[in-house]
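Trainee: Here is my input; please provide its structure:
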Amino acid sequence: MILRGVLATLAVLGAVPFVGDGALRVWRDDRWVPWFQADSAPTHWSGPLPTVADGVVWTPVAEGIELGRLRLSGSGEAWRVGVVLARIDPRVVRWRLVWGMGEGDRKTWTIDRADSGVRIALNAGMFTGGGPFGWTVIDGEERGVVGSGALAPAFVVDSAGDASLVPAESLWIRTHQGKVALAFQSYPELLHGEGDVPPMLRAGAIAIDLTHRDARLAIGQLRDGKWLIALTRFEGAGGALSFLPFGLTVPEMAALMGALGCRRAVSLDGGVSAQLRVGTERWPGLRKVALGLEIVRSER
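Mentor: Predicted coordinates for the structure are as follows:
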């Protein structure tokens with residue numbers, strides 16, 4: 001409530017225009033360009049949207065790792081949203097999942113725990129009071145069973161190092177196939193199949209809150225096989241309030257991942273848990289989490 005009061009005060013002072021047209025705009029060519037409208041949101045993304053995807057300037061960070069940025073403007077608390085992007089070539093990296101639970105159900109992992117050899121570090125999955133949500137496999141050892149939920153796929157890396165996003169309806173079969181090096185479940189699913197927006201994320205659905213705004217973190221697979229990580233940060237007041245958990249709705253985050261070219265994508269824990277490190281640049285969260293996903297140079 002205190003955080004909401006801060007933003008409301010800024011609105012009164014004229015620093016934050018509370019508009020409600022349901023549109024998202026991207027900063028391109030020194031102007032805000034509309035690209036998404038909530039009441040006519042796509043239900044399928046067949047490829048990247050040039051208006052958005054072509055606006056990203058990619059900078060190499062290490063072999064197989066690129067860093068990109070976008071600026072978005074939306075309704076209310078999404079008045080100014082910065083997007084940090086990491087694009088990953090899976091052929092030259094190795095994934096590892098780090099257990100972040102201490103005694104007494106205490107969460108311990110942050111991006112600062114990642115050593116200097118880690119190219120990318122971020123919080124993985126969701127968590128409950130007692131630890132990570134759902135199916136969790138670390139170094140081939142299962143530490144949690146499949147959690148329920150139609151929008152709860154799992155990020156899975158097999159023993160050969162190949163990563164995939166397995167939909168919820170296929171998880172029972174996948175858990176019995178073996179050869180899993182790491183896995184974690186998360187929700188909600190943002191895109192499935194070949195770019196379809198799940199029905200429960202479309203206008204009129206009531207299964208989940210489609211209007212709540214928050215800081216977001218997501219991972220998705222692009223059509224060329226590369227992986228994309230997207231983190232949003234509130235940029236109101238010149239970025240001085242980036243710690244505030246304000247930003248996109250779930251449908252808007254699904255649209256962003258689709259517009260950037262993802263065929264499948266899932267949300268990771270957002271809000272004050274969302275944190276990311278790419279190379280030496282870091283965007284910390286405000287609390288410790290139960291799982292960390294770290295990406296290092298491949299030994300293959």
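
Trainee: Flag every buried residue along stretch 162-170.
Mentor: Buried positions in stretch 162-170, judged by neighbour count with 16 or more other CB atoms under 10 Å: 163, 165-168. C-beta here means a position set from N, CA and C on the backbone, and glycine is covered the same way.

Trainee: Give me the distance between that stretch and the centre of its chain.
Mentor: Stretch 162-170 has its C-alpha centroid displaced from the chain centroid by 16 Å (CA atoms, centre = their mean, to the nearest Å).

Trainee: low-scoring pLDDT stretches of the stretch 201-300 of the chain, where are they?
Mentor: Within the stretch 201-300 of the chain, the ranges that satisfy pLDDT under 70 run 237-240, 300.

Trainee: Report how many residues lie close to residue 223.
Mentor: Look at residue 223: counted by other CB atoms under 10 Å, it has 15 neighbours.

Trainee: To clarify, my last question referred to residue 198.
Mentor: Using other CB under 10 Å, residue 198 has 22 other residues around it.

Trainee: For it, give me phi and psi.
Mentor: Here is the backbone geometry of residue 198 (degrees, to the nearest 10): phi -60, psi 140.

Trainee: same thing with residue 173?
Mentor: When read as degrees, to the nearest 10, the backbone of residue 173 gives phi -60, psi -40.

Trainee: The residue nearest in space to the middle of the chain bridge partners, please.
Mentor: By CA atoms, centre = their mean, the chain has its centre lying nearest to residue 218, at 1.2 Å. Following DSSP bridges, residue 218 is listed with bridge partners residue 230, residue 267.

Trainee: which residues sit in contact with it?
Mentor: Taking CB atoms under 8 Å, 6 or more residues apart in numbering as the contact definition, residue 218 lies against 190, 229-230, 253, 257, 265-268.

Trainee: Name the nearest of the residues you listed relative to residue 159.
Mentor: Of all the contacts of residue 218, residue 159 sits closest to residue 266, with 22.0 Å by CB to CB.

Trainee: Contacts only, for that closest one.
Mentor: 153, 155, 165, 186-190, 218-220 are the contacts of residue 266 under CB under 8 Å, 6+ apart.

Trainee: which residues of the stretch 101-250 of the chain fall in helices?
Mentor: 171-175, 250-259 (DSSP state H, counting those that start in this stretch).

Trainee: and of the ones you listed, who's closest to residue 32?
Mentor: Residue 32 lies closest, by CB to CB, to one member of these: helix 250-259, at 15.3 Å.

Trainee: what's near enough to touch residue 74?
Mentor: By CB under 8 Å, 6+ apart, the residues touching residue 74 are 23-25, 81, 248, 252.

Trainee: out of the contacts of residue 218, which one sits closest to residue 67?
Mentor: residue 229 (10.1 Å).

Trainee: Nearest residue to that closest one in space, ignoring adjacent ones along the chain?
Mentor: The spatially closest residue to residue 229, leaving aside those adjacent along the chain, is residue 86, at 4.3 Å (CB to CB, 6 or more residues apart in numbering).

Trainee: ok, now how distant is that neighbour from residue 111?
Mentor: Residue 86 is 12 Å from residue 111, where distance means CB to CB, to the nearest Å.

Trainee: Compare these two (neighbour count), which wins?
Mentor: Comparing residue 86 with residue 111 by neighbour count (other CB under 10 Å), the higher total belongs to residue 86, at 25 against 21.

Trainee: who's the more buried one bridged to?
Mentor: Counting by DSSP bridges, residue 86 is bridged to residue 67, residue 229.

Trainee: quick one: it from residue 76, how far?
Mentor: For residue 86, the distance to residue 76 (CB to CB) stands at 27 Å.

Trainee: quick one on the thing from earlier: next, format the contacts of residue 266 as TSV and append distance to residue 38.
Mentor: Below are these laid out as TSV (distance: CB to CB, whole Å):
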residue	distance to residue 38
153	24
155	28
165	25
186	24
187	21
188	17
189	19
190	15
218	18
219	24
220	20
